[in-house]
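[1] Fold the following and give me the result.
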Amino acid sequence: MGCIQSTSQDIEAMEKKPATVNEVVVFVPGLRVPKGTDFAKLLHASLSASMVEHLSALRTRIVVMAAEEGPTVAKIKRKAATQHGGSSLSDLQLALEDYLPVLLGLAKFEIQLNDLVEFSWINQQDDEKETVLSNAWYEVLSVLHMMAMISLLQANSLLIPRAPADSHQPKVAEENKKTAIGLFLKAAGYLDYGVRYILTRLPDEVKMKLPIDLQEGVLQAISLQALGQGVELQLGMAIDCPKATLAVKRRLACEKVKYWRQAQYCISNLRLTNGWGLKHLLVIKWKYAEAKAAAYYYHGLILDESTEENAHAKAVACFHAAEQFLKESKTDCINFCLEAPVTRVPPVWGAMKYLSEKILKDASSKELTNGDVQKLLEGVPKLPDFRVALKPDEYEMPPIDPSWTIKVEMGCSPTASIADQSRDGMFNMLQLQEVENQRTPLSVA
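    Residues are numbered from 1 along each chain as shown. As a prediction, this is how the structure comes out:
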């Protein structure tokens, strides 16, 4: 990970930036945060006072925590422990998890409550554009997106290299790498679920109004990025493991190529011109080039051991392709860091620290025969096509909060656990629907 061999001009340009420039290992395309919603004004005639208060308290808690987290969320540092023993990001994640089951009750009754509640969200990197939509499933999708971004921010914090007390060389602890892989899979799971099961519930007129952050291609691309970075960590672990074979390393490198190639495809037709769009495009371009450098290097090593005809020439072609992609990734990394919002050039570590040295050494040491030159002119050998192994976590939506449950006793009128005093037709419709679906967990899938 990290940029390869920054030029003196590049470093000088970065050093001219303010001292508060942040360091990014895991790119998060702007954290979307909610703005206040007046549930009491919008739902007082449809739900009980206690339910309205419950919804309002849970969402207000998220709004306040996100506002407190917002100014510092881009500053990549380990969050101080709270009195509950967790980080502020972890507390925000818990607040979202507490809100979701109650929100799902509102979403389930969307046909009755549609257009009653306006949900407002804004991207911190594009704060001039606020998206306000009257659809509870839009709110659910926004919550899942925020949970995914928090997981990526936590992974980023874990993967910033730090110099241990007994060494001046920045390192990333092995335990942090393993934890980060879990966070990548969790983030990918949230986004994958949102694409497959929540986006499909939104009517076309709502989909047309979604911000670019929640477009299907962007959600898929970020999910694939998370998986790609998870494989990169696995590759680094394999490099450090004496028992890992070249075949294993090549497979991991080739899988990494597939994830980043698919991510690039997902956003290739989107107009990413907002506050984070160009930076998003550049990080994919950078990591895709890095992935190809690693894959061609290991493919070259295996070809160089082969006894097949022209195997050596093909290996040399792979080494030189790896060298070119390595140089390309260095340029892409600098361009990414200089694109607003400006970020620091990350130190080289993990798989790319090892590969940056080996690729340059092996590419320069291989002798070319006339036949090799001819093979180089014919093109680079194709990479093996391996099936990707790393998959998103299987996220399961929680059941609807019990406060929405309506208890029915034989011979008695339905009685809501939310003691609504209203006698309007809206609440009667809610009673009938909830009796029919008594205590049935939500099954979005």
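
[2] use CA for all of it now, contacts and neighbours both
    Fine.

[3] what's the helix or strand for the residue lying closest to residue 345 once chain neighbours are set aside?
    Using CA to CA, 6 or more residues apart in numbering and skipping the chain neighbours, the partner closest in space to residue 345 is residue 337 (6.1 Å). According to DSSP states H and E, residue 337 maps onto helix 311-338.

[4] list the buried ones in that helix?
    311-338 (16 or more other CA atoms under 10 Å).

[5] where do the helices sit along the stretch 1-150 of the chain?
    8-15, 39-43, 49-73, 88-108, 110-113, 136-159 (DSSP state H, counting those that start in this stretch).

[6] out of those helices, deepest packed?
    helix 136-159 (a mean of 23; mean count of other CA atoms under 10 Å).

[7] Point to the residue nearest the middle of this structure.
    Geometric centre of the chain, nearest residue: residue 222, 4.5 Å, by CA atoms, centre = their mean.

[8] ok, now how distant is that one from residue 190?
    Going from residue 222 to residue 190 by CA to CA, to the nearest Å gives 11 Å.

[9] what's near enough to touch residue 172?
    Neighbour list for residue 172: 158, 159, 160, 161, 162 [criterion: CA atoms under 8 Å, 6 or more residues apart in numbering].

[10] sorry, back to before: just tell me which of the helices of the stretch 1-150 of the chain ends up closest to residue 25.
    helix 136-159 (5.7 Å; CA to CA).

[11] With just CA atoms, put the closest one into PDB.
    Taking Å, rounded to 0.1, in the frame of the first residue of the first chain, the C-alpha atoms of helix 136-159 are listed here in PDB:
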ATOM      1  CA  ALA A 136     -38.600   5.800   4.500                       C
ATOM      2  CA  TRP A 137     -36.700   3.300   2.300                       C
ATOM      3  CA  TYR A 138     -34.400   6.200   1.300                       C
ATOM      4  CA  GLU A 139     -33.700   6.700   5.000                       C
ATOM      5  CA  VAL A 140     -33.000   3.000   5.400                       C
ATOM      6  CA  LEU A 141     -30.600   3.100   2.400                       C
ATOM      7  CA  SER A 142     -28.900   6.200   3.900                       C
ATOM      8  CA  VAL A 143     -28.400   4.500   7.200                       C
ATOM      9  CA  LEU A 144     -26.900   1.400   5.600                       C
ATOM     10  CA  HIS A 145     -24.600   3.700   3.600                       C
ATOM     11  CA  MET A 146     -23.500   5.500   6.700                       C
ATOM     12  CA  MET A 147     -22.800   2.200   8.500                       C
ATOM     13  CA  ALA A 148     -20.600   1.100   5.600                       C
ATOM     14  CA  MET A 149     -18.700   4.400   5.600                       C
ATOM     15  CA  ILE A 150     -18.100   4.200   9.300                       C
ATOM     16  CA  SER A 151     -16.600   0.700   8.900                       C
ATOM     17  CA  LEU A 152     -14.300   2.000   6.200                       C
ATOM     18  CA  LEU A 153     -13.200   4.900   8.400                       C
ATOM     19  CA  GLN A 154     -12.400   2.500  11.200                       C
ATOM     20  CA  ALA A 155     -10.400   0.300   8.800                       C
ATOM     21  CA  ASN A 156      -8.500   3.400   7.700                       C
ATOM     22  CA  SER A 157      -7.600   4.300  11.200                       C
ATOM     23  CA  LEU A 158      -6.300   0.800  11.900                       C
ATOM     24  CA  LEU A 159      -4.200   0.800   8.700                       C
END
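
[12] I'd like the numbering to begin with 59 instead of 1 from here.
    Yep, numbering from 59; the last one is helix 194-217 now.

[13] Go through stretch 306-326 and flag the buried ones.
    307-322, 324-325.

[14] same thing with stretch 254-270?
    Neighbour-count burial for stretch 254-270 [16+ other CA under 10 Å]: 256, 257, 260, 265, 268, 270.

[15] Could you export these to TSV, including columns for distance to residue 352 and pLDDT?
    Converted to TSV, those look like this (distance: CA to CA, whole Å; pLDDT from 0 to 100):
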residue	distance to residue 352	pLDDT
256	36	96
257	35	96
260	41	94
265	39	94
268	37	94
270	32	89
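
[16] continuing past the helix or strand hosting the residue nearest to the centre of the chain, what's the next helix or strand?
    Using DSSP H and E, residue 280 falls within helix 274-298. Downstream of helix 274-298, the first helix or strand assigned by DSSP H and E is helix 304-325.

[17] Check the offset of that following helix from the chain's centre.
    The gap between where helix 304-325 is centred and where its chain is centred comes out at 17 Å by CA atoms, centre = their mean, to the nearest Å.

[18] quick one, that helix and helix 274-298 angle?
    Relative orientation of helix 304-325 and helix 274-298, computed by axes from the mean of the first three to the mean of the last three CA atoms, to 10 degrees: 160 degrees.

[19] helices or strands next to helix 304-325 in the packing?
    helix 274-298, helix 335-362 (3 or more CA pairs under 8 Å, 6 or more residues apart in numbering; DSSP states H and E).

[20] what does that helix contact?
    Counting by CA under 8 Å, 6+ apart, 275-276, 278-280, 282-283, 285-287, 289-290, 292-293, 296-297, 339, 342-343, 345-346, 349-350, 352-353, 356-357, 359-360, 441-447 sit against helix 304-325.

[21] Show me which of those residues are buried.
    Listed as buried from the contacts of helix 304-325 are 275-276, 278-280, 282-283, 285-287, 289-290, 292-293, 296-297, 339, 342-343, 345-346, 349-350, 352-353, 356-357, 359-360, 441, 446; burial here means 16+ other CA under 10 Å.

[22] Quick check: which ranges of the stretch 209-358 of the chain have low pLDDT?
    Scanning the stretch 209-358 of the chain for pLDDT under 70 picks out 223-226, 331-333.

[23] List the buried residues of the helix or strand that residue 242 is a member of.
    Assessed by DSSP H and E, residue 242 sits inside helix 232-251. Residues 235-236, 238-251 are the ones in helix 232-251 that count as buried (16+ other CA under 10 Å).

[24] For that helix, what is the distance to the chain centroid?
    Helix 232-251 has its C-alpha centroid displaced from the chain centroid by 9 Å (CA atoms, centre = their mean).

[25] what's the angle between it and helix 274-298?
    Using the same axes, to 10 degrees: helix 232-251 against helix 274-298 is 160 degrees.

[26] other SSEs contacting helix 232-251?
    Using 3+ CA pairs under 8 Å, 6+ apart, helix 232-251 is in contact with helix 194-217, helix 274-298.

[27] Any chance of CSV for those, columns distance to residue 126?
    Below are the helices and strands packed on helix 232-251 laid out as CSV (distance: least, CA to CA, whole Å):
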stretch, distance to residue 126
helix 194-217, 14
helix 274-298, 25
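
[28] Of all these, which one is nearest residue 179?
    helix 194-217 (7.9 Å).

[29] Tell me which other helices or strands that closest one touches.
    So helix 194-217, by 3+ CA pairs under 8 Å, 6+ apart, packs with strand 90-92, helix 146-166, strand 177-181, helix 232-251.
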